Every structure is written in structure tokens, then in C-alpha cells.
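Student: Take a look and give me a structure for this.
(one chain, ligands or ions: 2)
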Amino acid sequence: MISRVGIMGGTFDPIHFGHLLMAEEARQAFALDEVVFVPNGRPAHKKAYLVSSPEDRYAMTRLATESNPQFTCSRIEIDRPGPSYAIDTIRAFREQYTHLDALYFITGADAILQILTWREYDKLVEACQFIAVTRPGFSLERLSELADKNFLDHVSFLPIPGLDISSTDIRVRIHQRRSIRYLCPDSIVDYIEDSGLYRPHEME
Ligand code: ATP
Ligand code: MG
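Tutor: Numbering: from 1, shown residues only. Ligands and ions are numbered 1, 2, ... in the order given. Model prediction:
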């Protein structure tokens, strides 16, 4: 029976080894039975026209996670109309998994700071625990200045090997016709190549 679950939210445009490593490190450190990757539908905090289609991002997330039996993917945010809010996703997981011992929301150092600006963030901390992993270029120090004690009580910090990889950099590289091999799994490199995602338009 699944009782310890981690939610790995992201835009995954595209998914890369930074995402996979943090999920695996969190899985092991917190003895999670399952890490559920949840690609954002329409991210509330990113401009819609700059983001690839939900179906492409979901397909890539499935491909990248299929070799790990403890990783799964959820369409919950993709299939829900309107902007994606984490609180709605967490509430839905609580309803779906009736025997939960622990529910964690896994984030990087940049994302945990953003959460302080989210709608209903105080309700989020009542609904789950947070795992904040280290990320090159971002400091977790400001969190203790910005967040109140109640929030910090619900955050666990997890140092992981630094991989200075971002989806933004991968998109820029493709635009500039530079290689993205070894930044994300080969299956993702192939998917991007076959679909033409992130390539500059011919007129440019
Ligand atoms: P973008 O550049 O488009 O914002 P991204 O690489 O930041 O993409 P997201 O989908 O925005 O990827 O991030 C999903 C989650 O993964 C966030 O919590 C983010 O902090 C975390 N994350 C992404 N890349 C890394 C990394 N290299 N190391 C640690 N955490 C990461
Ligand atoms: Mg990001």
C-alpha cells in the first residue's frame, strides 16, 4: 500500500537530469514509496504562450521516468481547466491516496522561495511537508528571513549533488543548434529532435 508519497511539480519544458536526480535523492532520503511527477497544465506563474503544449511536456515526463518503478506521472494538472495551483493538486492527492502517512512536495531552492508568493501558501503548509533541495546558483539562506516559523517547520532541506542544468538553458541551446546530450535522457533528446520542439522558426 502506498503510504509515503512525494509530489514533484514542474513545467518540465523539457524534463532534464536535474529533475530526475532531485526526485531520486528525495525518494531515498525520505523513504518515499512513490514520487509522482506532475507537469503543470497552465502554469499560474509563467506566461502561457512561452510554454510548450501540455501533451508534449507530459509525453516527455513519461518517457524520462518510465525506467524507475517508483516514479509515476500524473495528468491531474493537465486535465484540470484553468491555471494550475499546487494547493488544488495537493488536496486532490489527499483524496486519491486514502492511506497516506506522509505527503511531500519536492522543490528546488528557487521554487521554495517562489512558493512564499503563492496564493494560499499558508494553507499549503497544513496540507503537506516540503523538501527543498539545493540548486546551483540559488541560495536557501533568504528563506529563513522571508518565511515565518510555521512555514519553516514544514520544510526539510536536502543537499544534493549540484547539476547546473535548467530547461531554459536547454531551450536556448536548441535554438542556437547546440547539443543537449547528457543534460537530459537520450529519449528526451530524440523526442525533441523528432518533434522539432524549441527549434528556431525557418524565417528567423
Ligand atoms: P525553467 O528554466 O523553464 O524554469 P527549470 O529547469 O527551472 O525550468 P522547472 O520545471 O521550472 O525546471 O522546475 C521544476 C522543479 O525542479 C522546481 O522545484 C525547480 O526548483 C527544480 N529544479 C529544476 N532544475 C533543478 C536543478 N538543476 N537542481 C535542483 N532543482 C532543480
Ligand atoms: Mg524553473
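
Student: going forward, measure contacts and count neighbours with C-alpha atoms only.
Tutor: OK.

Student: Compute the distance between Thr65 and Arg178, please.
Tutor: As judged by Cα to Cα, to the nearest Å, Thr65 and Arg178 stand 24 Å apart.

Student: So those two - more neighbours on which side?
Tutor: Per other Cα atoms under 10 Å, whichever of Thr65 and Arg178 has more neighbours is Thr65, with 19 against 11.

Student: show me what contacts that one?
Tutor: Leu20, Phe71, Thr72, Cys73 (Cα atoms under 8 Å, 6 or more residues apart in numbering).

Student: right, and out of the residues you listed, which lies closest to ligand 1?
Tutor: Nearest to ligand 1 among those: Leu20, at 8.8 Å, using Cα to the nearest ligand atom.

Student: Kindly indicate whether that closest one is helix, strand or coil.
Tutor: In three-state terms, and counting by DSSP: H, G, I helix; E, B strand; the rest coil, Leu20 is helix.

Student: which residues does it contact?
Tutor: Residues in contact with Leu20 (Cα under 8 Å, 6+ apart) are Thr65.

Student: Equivalent analysis for the one 4 residues further on, please.
Tutor: When contacts are counted by Cα under 8 Å, 6+ apart, Glu24 is found next to no other residue.

Student: before we move on, which element is it in?
Tutor: helix 17-29 (DSSP states H and E).

Student: ok, and what's touching the helix or strand that that helix is followed by?
Tutor: Sequence order places strand 34-39 as the next helix or strand after helix 17-29, per DSSP H and E. Under the contact criterion Cα under 8 Å, 6+ apart, strand 34-39 has outside partners 2, 4-12, 23, 27, 54, 57-58, 61, 70-78.
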